[in-house]
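Colleague: here's a sequence, model it:
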Amino acid sequence: MDKSLDEIITELAEKINKVYHLEKDEAIKKLRSTSFFSELTKEENELSKRNIDDPFSIYQDEIETGHFTIK
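Modeller: So this is what the prediction gives:
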């Protein structure tokens, strides 16, 4: 079952909180400021069908290396 964008954002914010120790609002703000976020909103990437670890890994790549690849 596909998750809604809001569900994905919430799950990502929880993972960001655990890894980077940011409060939920700050985690969401940081997530929304990334290039990855625009890719997250595109249905053709089918990120809503993946385990949350996959989109988080892509987000983490951008945060830590400055770039990412959606496979």
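Colleague: C-alpha only now, for contacts and for neighbours.
Modeller: Noted.
Colleague: the closest residue to Glu23 other than its chain neighbours: which element?
Modeller: Spatial nearest neighbour of Glu23, chain neighbours left out: Asn17 (5.9 Å); criterion: CA to CA, 6 or more residues apart in numbering. Using DSSP states H and E, Asn17 maps to helix 5-20.
Colleague: who touches that helix?
Modeller: Leu22, Glu23, Lys24, Ala27, Ile28, Leu31, Thr41, Ser48, Ile52, Pro55, Phe56 (CA atoms under 8 Å, 6 or more residues apart in numbering).
Colleague: tell me how far the third one lies from Lys71.
Modeller: This means Lys24. Separation of Lys24 from Lys71 (CA to CA, to the nearest Å): 27 Å.
Colleague: neighbour count winner among these two?
Modeller: Neighbours around Lys24 and Lys71, counted as other CA atoms under 10 Å, are more numerous at Lys24. The numbers are 17 against 7.
Colleague: can you pull the pLDDT of that one?
Modeller: With respect to pLDDT, Lys24 scores 94.
Colleague: that older thread, can you name the next helix or strand after the helix holding Asn17?
Modeller: helix 24-32.
Colleague: for that following helix, buried residues please.
Modeller: The neighbour-count check on helix 24-32 (16 or more other CA atoms under 10 Å) flags Lys24, Ala27, Ile28, Leu31 as buried.
Colleague: show me the shaky parts of the protein.
Modeller: Within the chain, the stretches with pLDDT under 70 are 1.
Colleague: change it to 90
Modeller: The model of the chain has pLDDT under 90 over residues 1-3, 41, 43, 45-49, 70-71.
Colleague: before we move on, which element is Asp61 in?
Modeller: helix 53-65.
Colleague: which parts of that helix are buried?
Modeller: Pro55, Phe56, Ile58, Tyr59, Gln60, Glu62, Ile63.
Colleague: if anything else comes up later, I'll come back, but that's it for now.
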